[in-house]
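Colleague: Compute the structure for the input listed below.
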Amino acid sequence: MNVDQTVTTFLDFYRERGHLLVDEHSLVPPPGDPVLFTTSGMHPLTPYLSGRPHPRGPRLVNRQRCLRTTDLDEVGDDTHLTVFQMLGSWSLGSYSGVQSLVWGYELMRDGFRIGSDRLHVTVHEQDVESLRTWERIGVPVELTEDENWWSNGPTGPCGPDSEIFVWTPDTPPEGTPTTDPRWTEVWNHVMMRYLRHEDGRLEPVEPERIDTGMGLERMLTVLQGTRSVFDTDVFRPWSLTGLWPLDEPSQRVVTDHLRSSVVVIGDGVRPSPNGRGYVLRRLIRRVLTRLWRVDPDRTLGDLPTTPLMSTIDQFGQRTDVERVRDVLLNEEDRFRELVKRGRPVVSRRRSRGPLTDDDLRYLHDTYGLPRELVVDLLEERV
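Modeller: Below is the predicted model of the structure:
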């Protein structure tokens, strides 16, 4: 399945079961929301998962773009991305966790054609209801503790979850999801059966709310039989090997950060010294650090139109290629000037000996030179 077929299969499955499509939200939450970016498909629905009626009813489905900075240093492996898409379904008290798991299995089997012999699930050790459901279906279960308990912060909705894993090699399955990394997690079903209060007390919620989330790019690695998310059709327009020859880890980081930057810019964010703008600035500068480490004359102005346009189209954003390119190039000019000014500063500090953590903090606080810039770009050239 290509990306469009995968999305359609998911959305149609739930719409046939009475779920109504809700609009995709921007990465930028509305005023008053304390988070920097939308980090999960359920985040825009938090008030409704906490009990408020949704104007579209109790059964919902959508595709939502998300951004997570907590995984930034893991980007470059086979599964992690900064900006990714989440396919989600929700029951606001309309049906039970048992029904959610049964439908989840049916979609994996009938919609995505993945047999139960390639599936394994994890379940919280106290979630007897989910355990019995999977045993009845015939999918192997691994019981865990904290790994299968979901919460949206220290207070609020929470409860056990059940994660669905797929065996991706061509060999017979081995081990369990916690003992063999070849089991790929693709879908999580959360049963929000409790409300946690500030004193830690858990108050049962009836009827329970259900939140499921499937990482689209990760699911595509399974459906398309690729080694990593970067080998799926989502990233085909971002094949930049001929433009900037880099080792594979650097190529992946550059691809992810540029694609993420396009989406963030498309949602109205501009580089700045703090907040959302700083996240965008950091993404762009991490790209340039990787490029200039090999060749200081490389420029984002060499980026072809195709990857920029395909990303704007994929995320349905109201911007254009030239506006995105202008933001990227303006930030490149600022960063190039920072590098120019930073070299003599780093050279003076280096004359006293190897740079220490105190030196790196001083260079950042006084001159605005990020640690990764000093370590990866400036120090080796002074």
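Colleague: Quick check, central residue of this structure?
Modeller: Centroid-nearest residue in the chain: F84, 4.2 Å away (criterion: CA atoms, centre = their mean).
Colleague: That one - that's part of a helix, no?
Modeller: No: secondary structure assignment places F84 outside any helix; it is strand (DSSP: H, G, I helix; E, B strand; the rest coil).
Colleague: Next up, the contacts around it.
Modeller: 65-66, 68, 215-218 (CB atoms under 8 Å, 6 or more residues apart in numbering). For the C-beta atoms, the positions are set from N, CA and C on the backbone; glycine is no exception.
Colleague: Point out the least confident one among those.
Modeller: Taking pLDDT as the measure, the contacts of F84 have their low point at R68 (91).
Colleague: Show residues contacting stretch 11-25.
Modeller: Stretch 11-25 is contacted from outside by 38, 44-45, 54, 56-57, 59-65, 87, 89-90, 94, 103, 106-107, 111, 316, using CB under 8 Å, 6+ apart.
Colleague: Ends of that stretch, what's the gap?
Modeller: Using CA to CA, to the nearest Å, the gap from the first to the last residue of stretch 11-25 comes to 16 Å.
Colleague: Only the buried residues of it, if you could.
Modeller: Of all the residues in stretch 11-25, those buried under the rule 16 or more other CB atoms under 10 Å are 11, 13-14, 19, 22, 24-25.
Colleague: Mind picking the one among these that's closest to G268?
Modeller: Proximity of the buried residues of stretch 11-25 to G268, judged by CB to CB, is greatest for H25, which lies at 12.7 Å.
Colleague: How is the closest one assigned, secondary-structure-wise?
Modeller: In terms of secondary structure, H25 is coil; the call rests on three-state DSSP.
Colleague: do you know how far it is from T319?
Modeller: H25 sits 16 Å away from T319, taking CB to CB, to the nearest Å as the criterion.
Colleague: mind listing the helices for this protein?
Modeller: Counting by DSSP state H, the chain has these helices, from start to end: 3-15, 46-49, 97-106, 128-137, 216-224, 248-266, 275-294, 305-314, 321-350, 357-367, 371-373.
Colleague: Turn the contacts of F84 into a markdown table, including neighbour count.
Modeller: Putting the contacts of F84 into a markdown table (neighbours: other CB atoms under 10 Å) gives the following:
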| residue | neighbour count |
| --- | --- |
| R65 | 25 |
| C66 | 22 |
| R68 | 17 |
| G215 | 23 |
| L216 | 21 |
| E217 | 21 |
| R218 | 23 |
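Colleague: From the residues you listed, pick the one nearest R285.
Modeller: Using CB to CB, those come closest to R285 at R68, 18.6 Å.
Colleague: Could you list which residues are in contact with that closest one?
Modeller: For R68, the residues meeting the contact criterion (CB under 8 Å, 6+ apart) are 37, 39, 82, 84.
Colleague: isn't V294 right next to L246, touching?
Modeller: Yes: counting by CB atoms under 8 Å, a contact exists between V294 and L246, whose distance comes to 6.8 Å.
Colleague: who's more crowded, these two?
Modeller: Taking V294 and L246 together and counting by other CB atoms under 10 Å, L246 has the greater number of neighbours (19 against 12).
Colleague: If I look at the more buried one, what pLDDT would I see?
Modeller: For L246, the predicted pLDDT is 91.
Colleague: about what we covered before: in the buried residues of stretch 11-25, find the pair that's most separated.
Modeller: Taking CB to CB as the measure, those reach their widest spread between F13 and H25, a distance of 21.8 Å.
Colleague: Buried residues, stretch 281-294. List them.
Modeller: By neighbour count on 16+ other CB under 10 Å, the buried set for stretch 281-294 is 281-292.
Colleague: Columns distance to T179 and pLDDT on top of those residues, output as JSON lines?
Modeller: Formatted as JSON lines, the entries for those read as follows, by distance: CB to CB, whole Å; pLDDT from 0 to 100:
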{"residue": "R281", "distance to T179": "40", "pLDDT": "95"}
{"residue": "R282", "distance to T179": "35", "pLDDT": "92"}
{"residue": "L283", "distance to T179": "35", "pLDDT": "95"}
{"residue": "I284", "distance to T179": "39", "pLDDT": "96"}
{"residue": "R285", "distance to T179": "39", "pLDDT": "92"}
{"residue": "R286", "distance to T179": "34", "pLDDT": "91"}
{"residue": "V287", "distance to T179": "36", "pLDDT": "94"}
{"residue": "L288", "distance to T179": "40", "pLDDT": "94"}
{"residue": "T289", "distance to T179": "37", "pLDDT": "89"}
{"residue": "R290", "distance to T179": "34", "pLDDT": "89"}
{"residue": "L291", "distance to T179": "39", "pLDDT": "93"}
{"residue": "W292", "distance to T179": "42", "pLDDT": "90"}
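Colleague: Could you point out the member of those residues that lies closest to D326?
Modeller: I284 (12.6 Å).
Colleague: Please report the distance of that closest one from R270.
Modeller: Shown here: I284 relative to R270, a distance of 11 Å by CB to CB.
Colleague: do T356 as well
Modeller: Relative to R270, T356 is positioned 34 Å away (CB to CB).
Colleague: I'd like to know how many residues surround N274.
Modeller: Residue crowding around N274 was assessed by other CB under 10 Å; the count is 8.
Colleague: Phi and psi next, for it.
Modeller: In terms of degrees, to the nearest 10, the main-chain angles of N274 are phi -150, psi 170.
Colleague: contacting residues for I284?
Modeller: By CB under 8 Å, 6+ apart, I284 lies in contact with 257, 261, 271, 300, 328, 331-332, 335.
Colleague: R298 now?
Modeller: By CB under 8 Å, 6+ apart, the neighbours of R298 are 244, 291-292.
Colleague: and if you look at L288?
Modeller: Counted by CB under 8 Å, 6+ apart, L288 has contacts 300, 332, 335-336.
Colleague: one more time with 10 Å, if that's ok
Modeller: Residues near L288 by CB atoms under 10 Å, 6 or more residues apart in numbering: 254, 257, 296, 298-300, 328, 331-332, 335-336, 339, 373, 377.
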